[in-house]
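Colleague: Have a look; sequence and predicted model below, questions after that.
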Amino acid sequence: MKIPTLITVISILAGSNGALVADPVPTAAEFYPSPWSAGGPDGWDDAYKRAHEFVSKLTLLEKVNLTTGTGNQADLCTGNTGSIPRLGFRKLCLQDGPVGVRYTDLNSVFPAGINAAATWSRSLIRKRGEALGAEFRDKGIDVLLGPVVGPLGRDPAGGRNFEAFGPDPYLAGVAVAQTVEGTQSAGVIASVKHFILNEQEHFRGGISSNIDDKTMHELYLWPFADAIRAGVGSVMCSYNKINNTYACENSYVLNRLLKDELGFQGFVVSDWGAQHSGALSALAGLDMTMPGDGVRNTTYGSHWGGGLTEAVLALTVSQFRMDDMAVRIMAAFYKVGRDTKQVDINYSSWTNETVGPQYWHSKTGNTTVNQHVNVQGDHAGLIREIGAKSVVLLKNSGNVLPLSKPASIAVIGEDAQDNPRGPNACVDRICDEATLAMGWGSATAEFPYLVSPASALEKQARTDGTIFTNVQSNWDLSTAQAAASDSSIAIVFANANSGEGYQSLDGNFGDRKNLTLWNGGDELIDAVASINRNTIVVIHSVGPVLIDHIKAHPNITAILWAGLPGQESGNSLTDVLYGKVNPSGKTPFTWGKEAKDWGIATLVNSSKPEPQQDFVEGSFIDYRYFDREGIEPSFEFGFGLSYTNFSYANLTIEKQDVEPYEPSSGLTVAGPTFGGIDFDPVSALEPDGFEKVPGMIYPWINSTDFPYDNGSPDFPYAAHNRSAQPILAAGGAPGGNPQLYKVIYIITVSITNSGKVTGTDIPQLYISLGGPTEPKMVLRGFDEVELQAGKMKTVSFNLTYRDVSNWDTEAQDWKVTSYAKTAYIGASSRDLRLHANLE
């Protein structure tokens, strides 16, 4: 049988420099039926056994209740499902977000995903996930809406890039897997998002991200595979279209890629309002809709609820599909131990008052809604450590850093300051006032406190007896220059912000309108550097900014990127500036000299609300594009200085004696059902005397007279095929074919700290896959190596079949090509110290 590829009505042609040229009218292929869950290792089998037992007891209405959100602000959490009172099963609570519990108090605010990536530390990233999971668990939350690997970071100006782990799929994959494992070990379901290709905020609700099969697999799908292999319980589908079909009803993306090829065993939940159909989205692989309401001109105010009940009664949605939706949700629930770790929901997303309406939308059910449970634990120390170890030292002329009791310092700039209105003054942080420690949008949380750089540096100055001057304005250049002229060290702060595209900030509609510093930052830096010959620049930003002129300025002796470090911002930075922490951060993205250097432009103007965006660059984003085009960056991917030096030697490559890769084969079991369904519509009517909460979505039907439209062209016959299905060659287990992860090479290298102080190095492994249209090299390994001065350690990298393969569109599988392959070890993507061929 010929398997359809990702795009059926699209021409993909090789253009100049290997770029892809897309036909203007792409159409996504279809793939049915939606794969039924099968369990698997690492706790899935046991979770499925328990889920089968539970779902077998449910009525149709109870199954629908599990899958349908009860409405925006209908209950305490950001997202709430219905409950099953008959079995003592409460509603499921879903809550943002990636840096802390949103819409509550007495929680922590962690460094952003982009900072976690900048540590290149598996252990710290996992600890961050564990701490986040613990705080969500102790607030009574079942599903943490994060981590993020979509957007990946195709566009350096993309508004939500900071939520994720950078534009390299390998680094993002490692980070998301560690985060998932950490979060779920705390007893909370992680929901990795946004699946997939939601790479900009402009037009996100209708833009069609048009992509070829090879790029999808080798770039954007890669980190999601790692999340699934790590056992993630939920995946959130995105707002955008993929090849002109909405993500949340794209049967090829959800059914084939996610559930079949990658073997995803959990449930797919829609982004809020990203569902655009009823039965069709269920057949295409959506398992839960959020928030559940907001659908106009429909009988139930929802695509599901009573509408899904009707669809099952009409046989438009088969029982095996309905059961699979419920089983997937419950399997994720049991896999992370929610049945033993669940506590009562003890907060309200919609009010900070202790007493208020439980059902905020209808302002009913007055009760104690906020118990003000402190879930911060001892997480401040971890947040401080991650903040410090994510600082990237970009320049350090004459070893001006670390500081040691300087006679005087001037701290200059708004970005160093406390906000006089408080750190949470701006709703969802939609402002750029004072120091920047968090982007804006749904990926926010309320700061319990925010240590500003100015306050932390002033405290250090008092301890050292250093004269301290603080200039709080970006615009009073004469005062800034006067302070700089009177100080031995001038530390200038500037930032660049972005966020989610539901609101614009200074003309930045989520996505940044340019890559320059905000609020006159460039002018402030230039004014200070023109006066003080020992100027240090600190940048808090969501991603790269254009700073080559700052790098080249002779009076600017040090540059540090501190990203979005969370609540301990000032302390983390001070630890690095004064050498309490030797910087080990590496930039998780490339810094270009001009905006055109990335070869990508945000689509901001369109005559249509649903424009086409062709990913014609293929896999050539960030450093891959810079390498192909021979563009010299300001700072390359993986770059970061230390207060010590490291040398590399003794590269060895040992090929492992493993059996050749074998594609998966065979058949699945037939689509199972669990329990029965009463197909008498009378059984699905609202019971007499039930008092509804106004505005809440329920599973009951309004009438026994509803359209029986099974067989409509909108509902493909193949979606109802519950016979055993062929296992895809690249599939067979969570994350894909298990043989993809067999180690075929072990690469070792000796790292020596050749400097005078203890430090941590991040050796990086890059592989050239050899093909003429492939990137020059791609990241395939890294490690975190702490060494005392003069000490040496041998580091090993395991290289898997997947790591040295390319996606073969004809075979629909991963293949090692015949081209010669080379391994490089270095300190960054352009500082490559050693290399050897893979034999």
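Modeller: It's in.

Colleague: got a list of what the residue nearest in space to the middle of the chain touches?
Modeller: By Cα atoms, centre = their mean, the chain has its centre lying nearest to V148, at 1.1 Å. Neighbour list for V148: 98, 113, 160, 163-165, 192-194, 443 [criterion: Cβ atoms under 8 Å, 6 or more residues apart in numbering]. C-beta coordinates here come from the backbone N, C-alpha and C atoms, glycine included.

Colleague: how about it, phi and psi?
Modeller: Note on V148: its backbone torsions stand at phi -120, psi 130 [degrees, to the nearest 10].

Colleague: these two touch, right, N244 and A28?
Modeller: Yes. Between N244 and A28 there is a contact under Cβ atoms under 8 Å: 6.3 Å.

Colleague: who does the residue nearest to the centre of the chain bridge with?
Modeller: In this structure, V148 bridges to K193 when assessed by DSSP bridges.

Colleague: Of the contacts of V148, which is the nearest to G39?
Modeller: Lowest distance from G39 to these (Cβ to Cβ) belongs to V192, with 19.5 Å.

Colleague: In contact with that closest one, which residues?
Modeller: Residues in contact with V192 (Cβ under 8 Å, 6+ apart) are 146-149, 176, 180, 224, 227, 232, 234-236.

Colleague: how near is it to G150?
Modeller: Distance of V192 to G150, computed by Cβ to Cβ, to the nearest Å: 8 Å.

Colleague: got it, and N396?
Modeller: 35 Å.

Colleague: follow-up on the earlier one: looking at N244 and A28, which is more packed in?
Modeller: Applying other Cβ atoms under 10 Å to N244 and A28 shows that A28 carries more neighbours, namely 26 against 18.

Colleague: just for the protein, where's the confidence low?
Modeller: Across the chain, the ranges flagged by pLDDT under 70 are 1-24, 708-714.

Colleague: can you give me the helices for the stretch 301-450 of the chain?
Modeller: 306-313, 319-335, 338-341, 379-389 (DSSP state H, counting those that start in this stretch).

Colleague: Serialize these to TSV and add fields for mean neighbour count and distance to V253.
Modeller: What follows is the helices of the stretch 301-450 of the chain, written out as TSV (neighbours: other Cβ atoms under 10 Å; distance: least, Cβ to Cβ, whole Å):
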stretch	mean neighbour count	distance to V253
helix 306-313	25	21
helix 319-335	25	17
helix 338-341	14	28
helix 379-389	23	33
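
Colleague: Pipe these into a markdown table and attach distance to K821 per row.
Modeller: As requested, the helices of the stretch 301-450 of the chain are exported to a markdown table (distance: least, Cβ to Cβ, whole Å):
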| stretch | distance to K821 |
| --- | --- |
| helix 306-313 | 50 |
| helix 319-335 | 37 |
| helix 338-341 | 44 |
| helix 379-389 | 32 |
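
Colleague: closest one to A118 among the ones you listed?
Modeller: helix 379-389 (8.2 Å).

Colleague: contact partners of that closest one?
Modeller: Against helix 379-389 from outside (Cβ under 8 Å, 6+ apart): 108-111, 115-116, 119, 121, 124, 127-128, 131, 135, 562, 565-569, 571-573, 575-576, 580-581, 583-585, 760.

Colleague: among these, which ones are buried?
Modeller: If you count burial by 16 or more other Cβ atoms under 10 Å, the buried members of these come out as 108-111, 115-116, 119, 121, 124, 127-128, 131, 135, 562, 565-569, 571-573, 575-576, 581, 583-585, 760.

Colleague: now, which of the residues you listed lie within helices?
Modeller: Of the buried ones among the contacts of helix 379-389, the ones assigned to helices by DSSP state H are 115-116, 119, 124, 127-128, 131, 135, 569, 571-573, 575-576.

Colleague: List the contacts of the closest residue in space to V542 that isn't next to it in sequence.
Modeller: In space, V542 comes closest to F162 once its chain neighbours are excluded; the distance is 4.0 Å by Cβ to Cβ, 6 or more residues apart in numbering. Counting by Cβ under 8 Å, 6+ apart, F162 makes contact with 112-114, 439, 443, 498, 542-543, 563-564.

Colleague: of those, closest to I207?
Modeller: Taking these together and measuring to I207 by Cβ to Cβ, the closest member is S498, at 17.3 Å.

Colleague: The closest one is in contact with F509, isn't it?
Modeller: No. Between S498 and F509 there is no contact under Cβ under 8 Å: 9.7 Å.

Colleague: quick one: common contacting residues for these two?
Modeller: Both S498 and F509 are contacted by G159, under the criterion Cβ under 8 Å, 6+ apart.

Colleague: measure D293 to P726 for me?
Modeller: Counting by Cβ to Cβ, the gap from D293 to P726 is 39 Å.

Colleague: Give me the more crowded residue out of these two.
Modeller: It is D293, of D293 and P726, that has more neighbours when counted by other Cβ under 10 Å, with 24 against 14.

Colleague: Contact partners for the more buried one?
Modeller: 69-72, 74, 301-302, 695, 697.

Colleague: Likewise for I141?
Modeller: Going by Cβ under 8 Å, 6+ apart, I141 touches 77, 93-95, 101, 188, 345.

Colleague: now the contacts of V192 in JSON lines, with secondary structure and distance to P707?
Modeller: JSON lines is the format used below for the contacts of V192 (DSSP: H, G, I helix; E, B strand; the rest coil; distance: Cβ to Cβ, whole Å):
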{"residue": "G146", "secondary structure": "coil", "distance to P707": "39"}
{"residue": "P147", "secondary structure": "coil", "distance to P707": "41"}
{"residue": "V148", "secondary structure": "strand", "distance to P707": "40"}
{"residue": "V149", "secondary structure": "coil", "distance to P707": "40"}
{"residue": "V176", "secondary structure": "helix", "distance to P707": "42"}
{"residue": "V180", "secondary structure": "helix", "distance to P707": "42"}
{"residue": "F224", "secondary structure": "helix", "distance to P707": "37"}
{"residue": "A227", "secondary structure": "helix", "distance to P707": "39"}
{"residue": "V232", "secondary structure": "coil", "distance to P707": "37"}
{"residue": "S234", "secondary structure": "strand", "distance to P707": "32"}
{"residue": "V235", "secondary structure": "strand", "distance to P707": "31"}
{"residue": "M236", "secondary structure": "strand", "distance to P707": "31"}
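
Colleague: with those residues in mind, which one is nearest to A719?
Modeller: Using Cβ to Cβ, those come closest to A719 at V235, 19.8 Å.

Colleague: Which strand residues bridge the closest one?
Modeller: V192, V268.

Colleague: Keeping just the C-alphas, turn stretch 361-373 into CSV.
Modeller: This file holds the C-alpha atoms of stretch 361-373, laid out as CSV (Å, rounded to 0.1, in the frame of the first residue of the first chain):
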residue,chain,number,x,y,z
HIS,A,361,-18.5,33.2,34.5
SER,A,362,-22.0,33.0,36.1
LYS,A,363,-20.9,34.5,39.4
THR,A,364,-22.5,31.6,41.4
GLY,A,365,-21.4,29.1,44.0
ASN,A,366,-20.0,31.5,46.5
THR,A,367,-17.4,29.8,48.7
THR,A,368,-13.8,29.8,49.8
VAL,A,369,-12.0,29.8,46.5
ASN,A,370,-8.5,30.8,47.5
GLN,A,371,-6.8,29.0,50.4
HIS,A,372,-3.5,30.8,49.6
VAL,A,373,-1.4,27.7,49.8
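
Colleague: Would you mark the buried spots in it?
Modeller: Using 16+ other Cβ under 10 Å as the test for burial, stretch 361-373 gives 361-362, 369-370, 373.

Colleague: In this structure I747 contacts I653, no?
Modeller: Yes. With contact defined as Cβ under 8 Å, I747 and I653 form a contacting pair (5.2 Å).

Colleague: Now do the shared contacts for these two.
Modeller: A823.

Colleague: neighbour count winner among these two?
Modeller: I747 (22 against 16).
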